[in-house]
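> Sequence and predicted structure are below.
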Amino acid sequence: MRNQFDRQLSQLNTELVTMGALCEEAITNAVKYLTDNDENNKIMCLDSDRQIDKKERDIETLCLKLILQQQPVAKDLRIVSAALKMISDMERIGDQASDIVEIAPYIDKKGTLGETHIREMAEAAIQMVSESVESFVKMDLETAYLVIEHDNVVDGLFDKVKQELIKSIETGHSDAKALLDLLMIAKYFERIGDHAENIAEWVIFFLTGEHRKGFKQEEWK
């Protein structure tokens, strides 16, 4: 029974890593589409989102099998519980990437977009997602802590983007709707950062048995 359980846990790990990689692909293609408006990037982003949705259903089914058939306890139960939470955040990351590509055609690429910190914000959000998945793959508490700390960077950049857009409005920017669309895109990147932070927190829960929101690294130790 234990051998079968270990095989299923190994499969769960593989599925989570695959889902995390799809999230990275979705965001990366969303950023490329936002920048260059290449339809291929939009298509790839939306395709990744569909695959993420399927992975979520597959992992949910596998987790339920593990709970019902194997009745895991202690650390084994924690990884199943954490997986169920993590895939919910990953699914939302995919949704938000697809939301970005739906709005992107209405953004002035050479004007307002170039005057904001939104590209920097996008890169920071991608890094958070990548490192949150890495923290799970390597079972690395230090990387998970760094993801949580890095959310402050994304939040700070979001505040900068807001102030930049407010300034554009105050100086009489002619396309207020485009500014609002850009603010929505910035908010989606900010939420992606939040979901990456959540994933890191669930990795910490799996490794330590404790789940806390918004704590600094030194407070976890």
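All right, it came through fine.
> Any regions of the protein where pLDDT drops low?
1-2, 108-115, 173-174, 213-221 (pLDDT under 70).
> at 90 what do you get?
Along the chain, segments meeting pLDDT under 90 span 1-9, 34-37, 68-77, 79, 104-119, 133, 137-138, 164-182, 209-221.
> May I ask you to name the longest helix in it?
helix 2-36 (DSSP state H).
> tell me the angle the helix or strand following it makes with helix 2-36.
Under the assignment DSSP states H and E, the closest C-terminal helix or strand after helix 2-36 is helix 39-65. Angle of helix 39-65 versus helix 2-36, following axes from the mean of the first three to the mean of the last three Cα atoms, to 10 degrees, is 160 degrees.
> related to what we said a few turns ago, point out the other helices and strands that the longest helix of the chain packs with.
Helices and strands touching helix 2-36, by 3 or more Cβ pairs under 8 Å, 6 or more residues apart in numbering; DSSP states H and E, are helix 39-65, helix 74-103, helix 118-137, helix 176-208. From N, CA and C alone the C-beta is placed, and that goes for glycine too.
> try it again with 7 Å
Using 3 or more Cβ pairs under 7 Å, 6 or more residues apart in numbering; DSSP states H and E as the contact test, the elements touching helix 2-36 are helix 39-65, helix 74-103, helix 118-137.
> Turn those into TSV, columns for mean neighbour count.
Putting the helices and strands packed on helix 2-36 into TSV (neighbours: other Cβ atoms under 10 Å) gives the following:
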stretch	mean neighbour count
helix 39-65	17
helix 74-103	20
helix 118-137	22
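> could you dump the ones you listed to JSON lines with distance to residue 9?
Formatted as JSON lines, those follow (distance: least, Cβ to Cβ, whole Å):
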{"stretch": "helix 39-65", "distance to residue 9": "10"}
{"stretch": "helix 74-103", "distance to residue 9": "7"}
{"stretch": "helix 118-137", "distance to residue 9": "13"}
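> nearest to residue 20, of the ones you listed?
With Cβ to Cβ as the criterion, residue 20 lies closest to helix 118-137 of those, at 3.4 Å.
> Identify all contacting residues around the closest one.
Applying Cβ atoms under 7 Å, 6 or more residues apart in numbering, the external contacts of helix 118-137 come out as 16-17, 20, 23-24, 27-28, 31, 93, 140, 143-144, 146-147, 150-151, 153-154, 157-158, 161, 182, 185-186, 189, 192-193, 196, 199-200, 203.
> Mind listing what's buried along the longest helix of the chain?
Neighbour-count burial for helix 2-36 flags 8-9, 12, 15-16, 19-35 (criterion: 16 or more other Cβ atoms under 10 Å).
> Out of the helices and strands packed on helix 2-36, flag the one nearest residue 209.
Across the helices and strands packed on helix 2-36, closest to residue 209 is helix 74-103 (Cβ to Cβ), at 6.4 Å.
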